[in-house]
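Enquirer: What follows is a protein structure lacking sequence information:
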């Protein structure tokens, strides 16, 4: 026998659109079976009616034949031979009547009754369980809607406990009803075979018994077939018994799950930690949709990732639809309408963004990590799972306690100044490698800052920023009144990741090490928020502007930005080292390495910063500035027109020849 399709009981709790879609196929099959069963039962009832009528007719015929001798014919009372013959025929008809009566009884017992029992017991049970399942599913949706509306800021523990209990109860009810419904549909696939074959087997055997005297040879021809049909029915019945027992054990095992399985937000100590190495993710999320100029609505839909795309599939849909291309997208946690576990996905152009809400903390963190992994295009590599695990393991190992960090460098001794070749080789090292220097590049124990502000409170008053402090202690940046640079003015959109105080501003390794520790700290401490700024590069300063208020948050003279570099593998990561006045330092200044994420090419941004420094140096020498302007193409307004790295190399060569 071919295998029978069945619904997986393990998928009943998730209730995914794929399971719902497969469930609709089973429901359609059950509906078709019900319609066919009704038509088949009508045909069988006509056969039974005809057979019963045949029994009644033969009984009436026998009585009528016996009554022949009692008839008062006008001409004669009848022939005795005829009367005896009719009596013999009456006995034959009586025997036939008994056979027809027995056949009608067998038809009723072996054909009509099993079919009626199948329709009233199995098909009606499936219909009833379907109604209970839909009712439980609707109650669960209503409970989830109430849970999703729980406030985050003014949290009411009593209300939260009631709503969580309601969600757990409705989810358990839906799980129980779905398990019973799935078991009934699975069993129906076996029972429908028995229901079709068993009545016909009984009908055929009754007919054979009825005609056995006259069709002995014919019955012998059917013996093998009927025996095989009987064996088949027994085999199907055995499969049904085995499958029923397996489903019963599986149902018991699933119902023994912990109560936390039904809770939408399981923050207990036994809850699993978020998996940060995922490259695929699927589950229900609430999506925020605008319904008017100021009104919004939240819809609970099933989302899943497919390659580099975020897909959405409503219930009942056969396939999902594309929501957003996740390549080079940015994802961050947001506060939205006082809802918990909300995060935002922004396209590389910044024109498209969607806000989603997860069910619990674990789902919330796993969705953010998964989208972040996909945005880095790890899935395009030969072994994406291994790369994701390696990057996250590297991130976890990056932040080391101060004592361990110092022990790690005890074996290192001061070295002489490296040659140009060694320095170039060192710049090619990966971000995850530990620099082989005499002293650690990052001061051990230095805190990592995740906001664009001074590195220490003592040096805050000397930090080069145009902000001011109001009486309430809030930062109130003023509008940037610095006249626009007539020679160079380049604007890039960046997102601040973090900054660390460093010991040196020589070599790209200090930037790579800072990137490693900042990314590791954000991964370990679940820091997902990033502030977006406009980086303005001129020939004199490097400034950062709030895109909402157009206020200058902080700015640095380019002479105080001696080093900038982009990540070797991920060109969206850039960093620079800036000097800030600090009277507590030996040289009167502190060094801070700032790390940013950008949608542009990091090499291009670093080239613009280097070019701005060259303009600053060339302004001191009119001849050098003239040579620089001659070697670089200018825009229509007289500014430097920067195209890429090729123009930068040609400009460097021209300056060297002029020198």
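Expert: Structure received. Keep in mind it's a predicted model, so treat the numbers as computed, not measured. Residues are numbered from 1 along each chain as shown.
Enquirer: Go ahead and confirm residue 360 touches residue 272.
Expert: No. At 10.8 Å, residue 360 and residue 272 do not qualify as touching, with contact defined as C-beta atoms under 8 Å. Quick note: C-beta positions are derived from backbone N, CA and C, even for glycine.
Enquirer: Which one of the two is surrounded by more residues?
Expert: Using other C-beta atoms under 10 Å as the criterion, residue 360 and residue 272 rank with residue 360 on top: 16 against 8.
Enquirer: In contact with the more buried one, which residues?
Expert: Remark: with contacts taken as C-beta atoms under 8 Å, 6 or more residues apart in numbering, residue 360 is in contact with 264, 265, 266, 267, 341.
Enquirer: need the contact list for residue 541.
Expert: Residue 541 sits in contact with 482, 555, 556, 557, 558, where contact means C-beta under 8 Å, 6+ apart.
Enquirer: how much space is there between the last one and residue 56?
Expert: In this view, residue 558 and residue 56 are 112 Å apart by C-beta to C-beta, to the nearest Å.
Enquirer: Looking only at neighbour counts, state which of those two leads.
Expert: Under the criterion of other C-beta under 10 Å, the comparison of residue 558 against residue 56 puts residue 558 first, with 23 against 14.
Enquirer: Could you double-check that the more buried one lies in contact with residue 610?
Expert: No. When contacts are counted by C-beta under 8 Å, residue 558 is not listed as touching residue 610 (9.4 Å).
Enquirer: Check which helices and strands the helix or strand hosting residue 606 sits against.
Expert: When secondary structure is defined using DSSP states H and E, the element that contains residue 606 is helix 602-619. When contacts are defined as 3 or more C-beta pairs under 8 Å, 6 or more residues apart in numbering; DSSP states H and E, helix 602-619 packs onto strand 489-502, strand 531-538, strand 563-566, strand 573-581, helix 622-631, helix 645-658.
Enquirer: The same query, at a cut-off of 6 Å, please.
Expert: When contacts are defined as 3 or more C-beta pairs under 6 Å, 6 or more residues apart in numbering; DSSP states H and E, helix 602-619 sits against strand 531-538, strand 563-566, helix 622-631.
Enquirer: helices and strands around the first one, which ones?
Expert: What that stands for is strand 531-538. Packed against strand 531-538 by the contact rule (3+ C-beta pairs under 6 Å, 6+ apart) you find strand 489-502, strand 541-545, helix 602-619.
Enquirer: Mind pulling the model confidence for residue 638?
Expert: Reading off the confidence values, residue 638 has pLDDT 50.
Enquirer: what about residue 68, is that helix, strand or coil?
Expert: At residue 68, secondary structure determined by DSSP: H, G, I helix; E, B strand; the rest coil is helix.
Enquirer: can you tell me how far the nearest residue to it once chain neighbours are set aside sits from residue 93?
Expert: Closest residue to residue 68 apart from its sequence neighbours, by C-beta to C-beta, 6 or more residues apart in numbering: residue 86 at 5.0 Å. Noted for residue 86: a distance of 10 Å to residue 93, by C-beta to C-beta.
Enquirer: And for residue 229?
Expert: From residue 229 across to residue 93, the span is 33 Å (C-beta to C-beta).
Enquirer: between these two, who's got more neighbours?
Expert: For the pair residue 229 and residue 93, the greater number of neighbours falls to residue 93 (22 against 17), based on other C-beta under 10 Å.
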